[in-house]
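1. no FASTA, just this:
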């Protein structure tokens, strides 16, 4: 089979095959230091990366110079996570050198696909939050917006997940083991970040109170830059990641005294700050490290932003005209206090002046409706780690509450609810409240999510700040999630409507008419089947499970969490299994149910769900009565590169969270863009997908958000559903009584109890019957391949709204007030 063509564009510098081939040969010799005969696969990857990097650097330095010359307002995107994935193929495609790179490698006896597999994912994130940030950087660059990301250069990314005896076992993800050819160390960008100590107050010469932070511990933050190229443009933006460096590299006196460990212990302790993504926060030490990580990258970023601004401007009053800072969830919310610290204590502005500037700079994106996911730090810890910032937060809160009391006199309950300091749960700093108070705009990430922010989560703030809350529905970059990961479908679509959709996803609307074209449907099915064969091969390699590529590929790939309801999917699997075992297999559509996702290391229930999935798979896949009618797969170590294999092959997209819990979701967008039909609740972006594709082209089930609230208000009793549905009762009893864990009959009793006597918080039992009925409709439709394909094509054709380019344009217009910087070619 010939390699399908991904969409590229003509670059502005020479990148013909001969030039690329010469560059590959030179880099192999002079950069990697190997001959063609001696080179390993990883050597060829390094060679290819440096070859592409040459094209990247040229545009990157020009973008920097262009921004300096035009002095635009800049966007600074602060995020604890950037789930970048692999860079080689993405950069080559965006820069327009992929065809020549592929041909040049082939001429030297190497295959592009093999070289791509040598790259380790930059797993600097956990899931949707980090992947969204990466998509946004891609869109900013593609749209020529002067944007920059800030985060942490974690030495160890999200853990490497292995499945041992059915259980998730976490192993270190040493993604930097072989170096990173895409990053550039910037030792001149070095900032001190302080912790602990105490505050000394004294009057200055003008009678103003000065605050001096003394007896603190200092960590140095060093910048590492990661270029982010746009598609079909000369713009290359920057992702700046901070690494912790000790102020003392080595204690020579300890070493000379024979204390070899003590000689480096301070360095090791200091640099732990950027060692691991999301340390286990089940302990006090882990929570403190998490707080320090957040402040570490925020402080370095704010200092860097101010340094860049002051290098061009002397008047801080212009700050909000030149700087827009977006807080990606509550993790960087301490930036509000840090900016006040810098303006008050370093630049000596008065409070009102500094606060006016701060509230003109910051905007906050909320990503969760669940109170337990909104960060709140114990006051005692916060005061010990960041004493000056707690003082500032107290003052922000005092002035804010005075304003609220003035507008809503006598409402003590309101003051308690909106206070940045929570006095009712052991005194905590509510970071979401700080972000809301300190930002000019707060947005949700799907229409229903934004509405629930205004009517439930932040109802009181909506009264206080009418107009502050808006919606900006999330999106995904079509460059990675179609052009790169599904070249077969990209080529097929381009053959009918041209390649403009890679940059303007709304162009996909032109594809709708081809849903009625039998010839196009046949080609579309052939593309999907080829992708399924590819995934089936990788499933076999990763798990040893042989799956039938002619079966329905039913996919739920996302972070493992109770609210995402992987357990509801398992109940359906067990129901299907019981139907087959009882002789009711007639008419059942052969199905391969594919799970993927990681559970947080300290999240016992989520890890138990993973084990149950694997135990169920062990029984189902080895039952001769089942054969190929049903297979269950847990694909290990789900990451961006794995998603790029799974999504193009997916046919049914499981988006089954309890209504009112998922902020948006982006996996739903990615799978629909690649031709999957969605089965889901009216939650998050599912609602808007339903509006775009039409009710007939999606499988909606379950309670709506108002119905969930009504059921809980009336008193939800899961036992009523257990006793009233024989199939549900049988499936639950099999879990609770040890059918899938005969060697330990009570292994899953806690899961059974959570769904019954402990209240079934996420209402799985209430939605079970509706879910099973929807799955039966899925099975029936899949048997009519012409109609299934027609609806799949319509899903693809109506995904234009869900481009991250549209999302970023809305941010640029409604939140940041920034304009593109026109790139000019220097050559």
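-> The structure has been received and is ready for your questions. Note that the structure is predicted; figures quoted are calculated from it, not measured.

2. residues contacting residue 132?
-> 328, 474, 666, 804 (C-beta atoms under 8 Å, 6 or more residues apart in numbering). To be clear about C-beta, it is placed using only N, CA and C from the backbone, and glycine gets the same treatment.

3. which one of those residues has the most neighbours?
-> For the contacts of residue 132, neighbours were counted by other C-beta atoms under 10 Å; the highest total belongs to residue 804, with 29 neighbours.

4. Could you give me the buried positions within stretch 47-61?
-> Taking 16 or more other C-beta atoms under 10 Å as the neighbour-count basis, stretch 47-61 is seen to contain the buried residues 47-56, 58-60.

5. Which ones among the contacts of residue 132 lie within helices?
-> residue 804 (DSSP state H).

6. With pLDDT and distance to residue 67 as added columns, please give the contacts of residue 132 in a markdown table.
-> Shown next, in a markdown table, are these (pLDDT from 0 to 100; distance: C-beta to C-beta, whole Å):
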| residue | pLDDT | distance to residue 67 |
| --- | --- | --- |
| 328 | 97 | 22 |
| 474 | 97 | 27 |
| 666 | 95 | 29 |
| 804 | 98 | 21 |
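
7. Let's have the contacts of residue 132 in JSON lines, adding distance to residue 588.
-> Formatted as JSON lines, the entries for these read as follows, by distance: C-beta to C-beta, whole Å:
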{"residue": "328", "distance to residue 588": "44"}
{"residue": "474", "distance to residue 588": "36"}
{"residue": "666", "distance to residue 588": "32"}
{"residue": "804", "distance to residue 588": "39"}
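
8. Could you single out the nearest of the contacts of residue 132 to residue 820?
-> For those, the residue nearest residue 820 by C-beta to C-beta is residue 804; the value is 15.5 Å.

9. Check which helices and strands the helix or strand where residue 61 lies sits against.
-> Assignment of secondary structure by DSSP states H and E places residue 61 within helix 41-70. In this structure, helix 41-70 makes packing contacts with helix 17-27, helix 88-95, helix 98-107, helix 112-116, strand 217-229, strand 236-245, judged by 3 or more C-beta pairs under 8 Å, 6 or more residues apart in numbering; DSSP states H and E.

10. right, so these: which one is the most enclosed?
-> Between the helices and strands packed on helix 41-70, helix 88-95 has the highest mean count of neighbours, a mean of 27, where neighbours are mean count of other C-beta atoms under 10 Å.

11. The helix holding residue 61 vs helix 88-95, what angle?
-> Orientation note: helix 41-70 sits at an angle of 40 degrees relative to helix 88-95 (axes from the mean of the first three to the mean of the last three C-alpha atoms, to 10 degrees).

12. C-terminal to helix 41-70, what's the next element?
-> Per DSSP H and E, the first helix or strand lying C-terminal to helix 41-70 is strand 74-78.

13. buried ones in that next one?
-> Of the residues in strand 74-78, 74, 75, 76, 77, 78 count as buried by neighbour count, 16+ other C-beta under 10 Å.

14. returning to that earlier point: tell me which of the helices and strands packed on helix 41-70 approaches residue 203 most closely.
-> Put simply, out of the helices and strands packed on helix 41-70 the one that sits nearest residue 203 is strand 217-229, at 26.2 Å, with distance taken as C-beta to C-beta.

15. from the chain's centre, how far out does the closest one sit?
-> Strand 217-229 has its C-alpha centroid displaced from the chain centroid by 20 Å (C-alpha atoms, centre = their mean, to the nearest Å).

16. just stretch 534-547 next, same as before
-> Taking C-alpha atoms, centre = their mean, the mean C-alpha location of stretch 534-547 is offset from the chain mean by 26 Å.

17. Please, which helix or strand holds the residue in the chain sticking out farthest from the centre?
-> Computed with C-alpha atoms, centre = their mean, the maximum C-alpha offset from the centroid of the chain is found at residue 205, amounting to 49.6 Å. Following DSSP H and E, one finds residue 205 outside all helices and strands.

18. from the buried residues of strand 74-78, which single one is nearest residue 631?
-> Taking C-beta to C-beta as the measure, residue 631 sits nearest to residue 77 out of the buried residues of strand 74-78, at 41.0 Å.

19. Look up how far residue 664 lies from the residue nearest to residue 418 when sequence neighbours are not counted.
-> Excluding its sequence neighbours, the residue lying closest to residue 418 (C-beta to C-beta, 6 or more residues apart in numbering) is residue 460, at 4.9 Å. Summarising the geometry, the distance separating residue 460 from residue 664, computed by C-beta to C-beta, to the nearest Å, is 23 Å.

20. okay but residue 663 is in contact with residue 369, surely?
-> Yes - in terms of C-beta atoms under 8 Å, residue 663 counts as a neighbour of residue 369; the distance is 6.4 Å.

21. Quick check: which ranges of the stretch 251-400 of the chain have low pLDDT?
-> Using pLDDT under 70 as the threshold, the predicted model of the stretch 251-400 of the chain has low-confidence ranges 251-268, 279-280.

22. Let me see the ranges of the helices in it.
-> Along the stretch 251-400 of the chain, counting by DSSP state H, counting those that start in this stretch, helices occupy 252-256, 262-271, 284-310, 319-322, 335-341, 351-361, 379-385, 387-407.
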